[in-house]
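Asker: how would this look folded up:
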Amino acid sequence: MFFHSEKKLINKAKQGNKKAWLKLIKDYEKPIYHYCLRMLGNPDDAVDLLQEAFISIYKSLDSFRFDSSFKTWAIKIAHFRCIEFYRKQKICLQLDDLPETMSGSVYDCPESSLFTQKGNEQVIIAMSLLPWEQRNVVELKFFQHYTFEEIAKQLDVSTNTVKSRLYSALNKLKIQLEVS
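Answerer: Numbering: from 1, shown residues only. Here you go, the predicted model:
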């Protein structure tokens with residue numbers, strides 16, 4: 001499941017090795033940032049949440065037991081930070097609230113090439129209009145490349161629920177992207 005070197009790196013970080021911790025940050029900064037960006041739709045909020053997620057990851061590092069990949073575990077922590085953000089902010093994203101352009105970001109997203117025919121900005125706008133549960137499934141399936149079974153386990157729902165949410169979200173995204 002793990003590369004020997006990654007497990008060794010995580011164990012060193014658990015023991016307080018600063019270089020190992022910084023290497024983990026370097027390895028997982030972009031995937032976690034992109035997850036936060038797609039879930040929140042705002043680069044500034046995504047950077048803030050990225051920082052909060054890494055603080056939480058650091059504080060919880062001793063609880064990582066290698067039951068899943070480090071990336072899965074870290075994304076799950078970022079997911080909980082996103083939920084907390086929504087609860088605190090009680091945000092209702094509208095098209096007017098979204099940034100006009102997101103190109104040139106330090107964190108340009110190669111994974112979003114799945115949707116290049118409409119561009120990153122339109123996908124983020126369209127995803128921001130999806131219900132949270134559907135947006136999360138799209139994120140985990142297409143941008144994090146998890147299987148239906150892995151998503152179901154992570155969200156603690158059935159595989160059929162994951163598929164239903166995904167197909168419903170894809171229909172909504174298709175309609176939204178055709179309109180824009």
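Asker: Please enumerate residues in contact with the one helix or strand Leu177 maps to?
Answerer: Element membership of Leu177, judged by DSSP states H and E, is helix 159-179. Applying Cβ atoms under 8 Å, 6 or more residues apart in numbering, the external contacts of helix 159-179 come out as 115, 118, 122-123, 125-127, 129-130, 133-135, 137-138, 141, 148-149, 151-152, 155. In this view, the C-beta of every residue, glycine as well, is placed from N, C-alpha and C.
Asker: Just the buried ones among these, please.
Answerer: 115, 118, 122-123, 125-127, 130, 134-135, 137-138, 141, 148, 151-152, 155 (16 or more other Cβ atoms under 10 Å).
Asker: Out of these, list just those in strands.
Answerer: Nothing among the buried ones among the contacts of helix 159-179 maps onto strands, per DSSP state E.
Asker: Which residue is most remote from the mean position of this structure?
Answerer: Largest separation from the mean C-alpha position in the chain: Gln15, at 26.9 Å (Cα atoms, centre = their mean).
Asker: Report the contact partners of Asp67.
Answerer: Here Asp67 is in contact with no residues (criterion: Cβ under 8 Å, 6+ apart).
Asker: remind me which residues of this protein are low pLDDT?
Answerer: Across the chain, the ranges flagged by pLDDT under 70 are 1-4, 89-120, 180.
Asker: Could you say which helix or strand holds the residue most central in space within it?
Answerer: Closest residue to the average C-alpha location of the chain: Tyr35 at 2.1 Å, with Cα atoms, centre = their mean. For Tyr35, the element it lies in under DSSP H and E is helix 18-40.
Asker: Taking their axis directions, the helix or strand just after that helix and helix 18-40 sit at what angle?
Answerer: Following helix 18-40 in sequence order, the next helix or strand is helix 43-60 (DSSP H and E). Our comparison of helix 43-60 with helix 18-40, counting by axes from the mean of the first three to the mean of the last three Cα atoms, to 10 degrees, yields an angle of 140 degrees.
Asker: buried set for helix 43-60?
Answerer: Across helix 43-60, burial judged by 16+ other Cβ under 10 Å covers 43, 45-47, 49-50, 52-54, 56-57.
Asker: do you know how far Trp132 is from Glu139?
Answerer: 10 Å (Cβ to Cβ, to the nearest Å).
Asker: So which of the two has more stuff around it?
Answerer: Glu139 (25 against 11; other Cβ atoms under 10 Å).
Asker: pretty sure the more buried one is touching Leu37, no?
Answerer: No: the pair Glu139 and Leu37 fails to qualify as a contact (Cβ atoms under 8 Å) at a distance of 9.9 Å.
Asker: ok now do Ala78, which residues does it touch?
Answerer: Neighbouring residues of Ala78 by Cβ under 8 Å, 6+ apart: 32, 35-36, 49-50, 53.
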